[in-house]
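**Student:** heads up, no residue letters with this:
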């Protein structure tokens, strides 16, 4: 049975702990963290804040801030197991041991909110075939969506996720503040947003595009621009409309 | 029993027809449309393309392009029933009869894809209390989410929907093209997008915001800017990051 040690005590570490501890095909041996208070989250498992007390295992998963990955991997220089980090942004090279890898669950985790790991895509990378195979095996125990992804591709995914996730969320925030100012419940837009997301899964976002910019409905766009008061929101409206028009002109 | 006549043959008319025809508490009497070929979609119901042959009913629902609403409402000047349009953008004043109203289902309809009307928000407006009450009654037969919304509020909703729906879809399109260029399946982002939408329903988009701009992680933002090649996409990245930073600075 694969033995695993978790390094880190934050949000991702907690979610991974819950998911791994629930598996009876994995031996989750220990959690390491510098902060004793944070370690108290992890029940029914050996914990340590002393680097010298880290046990031996097949896989070490480093779930810490990107800036701390290098330092934590230095603690494991004498270990024979695989050392993998769980970051979307950090390159494989941040790990200083020979059997290095990436074990990146592509999801935004919220503290205290359980997630269903079986639907989370895992991006796996290994410094050699055997390492990669072991990490793929471990990921497949948690999820049905496991991908081999290079560091370069992972960089792309991270950028795409910022656009698709963080930026669209910000548009929802702007829409919600406009609703609030005009005493309209933002919830009125929930079904529309849900339907759009369903649509992109089925026909893809390029085909799903609708709206005044797609139709080049200049009058409606002008009226929307007049309605917007915040100068940054005006700029966003103008720029995204321009980009939509440009995207579908290219296609002609 | 409320009698209803539908005017229009397009996408919205077809979806409304399917939903209304399924109700046994509404007498859907007739569909009017200029185009005989388009009328052939409507089965088991009287159809006409002659304005003089439009029957009498309690409610006339005009489901045509915004530009044609005024002209179609002119055909009904001698009728006593309520005349309501189904547009998100057109003002109530576009209807030239005295018992005028708005009966706006807030959803983006796709041809051929059945929708569950019971979850679609309806925005209702009436030129007088009795008209409004009748339209609310009709909407409640179709959906559990019925709102009384003024023309001004409807304008707000339309603008907010463009931001939350059309613009976020465009961000998905950009993310998808970046994935494609780097041979990463866009589907890898689907669970992340779904989770974000779930989150905004529970904690609201303002609280759900994550990402490098929220954290003011300048190094990651710079690296993303370097990765982007399309000048419009670079501008979008910069502007939305600026707007996120600005939004959370205000809060401090």
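**Tutor:** Looks like it arrived, so ask away. As the structure is a computational prediction, the values presented were derived from the model and not from experiment.

**Student:** the strands in chain A, which residues?
**Tutor:** A:2-7, A:26-32, A:46-48, A:59-62, A:82-85, A:100-105, A:122-126, A:146-148 (DSSP state E).

**Student:** so, low pLDDT: which residues of the stretch 101-250 of chain A?
**Tutor:** A:250 (pLDDT under 70).

**Student:** and the gap between residue A:203 and residue B:112?
**Tutor:** 11 Å (Cβ to Cβ, to the nearest Å). (Each C-beta comes from the backbone N, C-alpha and C, glycine too.)

**Student:** okay, domains of chain A per the record?
**Tutor:** Following automatic domain parsing, chain A resolves into domains at A:2-149, A:154-251.

**Student:** for residue A:192, which non-adjacent residue is closest in space?
**Tutor:** residue B:165 (5.2 Å; Cβ to Cβ, 6 or more residues apart in numbering or on different chains).

**Student:** neighbours around the one you found, how many?
**Tutor:** Residues lying near residue B:165 (other Cβ atoms under 10 Å in any protein chain shown) number 27.

**Student:** now do the contacts for residue A:162.
**Tutor:** By Cβ atoms under 8 Å, 6 or more residues apart in numbering or on different chains, the contact list for residue A:162 reads B:211, B:212, B:224, B:237.

**Student:** the third one against residue B:213, yeah?
**Tutor:** No. Here residue B:224 lies out of contact with residue B:213, judged by Cβ atoms under 8 Å, at a distance of 9.8 Å.

**Student:** the more surrounded of those two?
**Tutor:** residue B:213 (27 against 23).

**Student:** that older thread, distance to residue B:46 added to the domains of chain A, as a markdown table?
**Tutor:** Formatted as a markdown table, those follow (distance: least, Cβ to Cβ, whole Å):
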| stretch | distance to residue B:46 |
| --- | --- |
| domain A:2-149 | 49 |
| domain A:154-251 | 32 |
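
**Student:** and stretch A:38-54, what's buried?
**Tutor:** A:38, A:39, A:42, A:47, A:48, A:54 (16 or more other Cβ atoms under 10 Å in any protein chain shown).

**Student:** what residues does that stretch touch?
**Tutor:** Applying Cβ under 8 Å, 6+ apart, the contact partners of stretch A:38-54 are A:5, A:7, A:9-10, A:14, A:17, A:21, A:28-36, A:55, A:60, A:75-76, A:79.

**Student:** for stretch A:239-252, same thing?
**Tutor:** A:206, A:209, A:211-214, A:216, A:221, B:166-167, B:170, B:173-174, B:232-233, B:235-236, B:239.

**Student:** same question, stretch A:8-27
**Tutor:** A:1-4, A:6-7, A:28, A:31-33, A:35, A:38-39, A:41-42, A:44-45, A:61-65, A:72, A:86, A:105, A:109-111, A:114-115, A:117, A:138, A:141-142.

**Student:** now those: which count as buried?
**Tutor:** A:2-4, A:6-7, A:28, A:31-33, A:38-39, A:42, A:61-64, A:72, A:86, A:105, A:109-110, A:115, A:117, A:138, A:142.

**Student:** buried subset of the contacts of stretch A:38-54 as a PyMOL selection?
**Tutor:** If you want just the buried ones from those in PyMOL, going by 16+ other Cβ under 10 Å, the selection is:
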select buried, chain A and resi 5+7+9+10+14+17+21+28+29+30+31+32+33+60+75+76+79
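
**Student:** residues touching stretch A:68-85, excluding its own?
**Tutor:** A:5, A:7-8, A:32, A:51, A:54, A:56-64, A:87, A:90, A:94-97, A:99-104, A:126, A:131, A:134-135.

**Student:** again, 7 Å this time
**Tutor:** With Cβ atoms under 7 Å, 6 or more residues apart in numbering or on different chains as the test, stretch A:68-85 has contacts from A:7, A:51, A:54, A:56-62, A:64, A:87, A:90, A:94-97, A:99-103, A:131, A:134-135.

**Student:** now residue A:190, nearest residue through space, not along the chain?
**Tutor:** residue B:201 (5.7 Å).

**Student:** these two touch, right, the one you found and residue A:193?
**Tutor:** No. The pair residue B:201 / residue A:193 is not scored as a contact, 8.6 Å apart, by Cβ atoms under 7 Å.

**Student:** neighbour count: those two, which is higher?
**Tutor:** More neighbours surround residue A:193 than the other of residue B:201 and residue A:193, with 24 against 14 (other Cβ under 10 Å).
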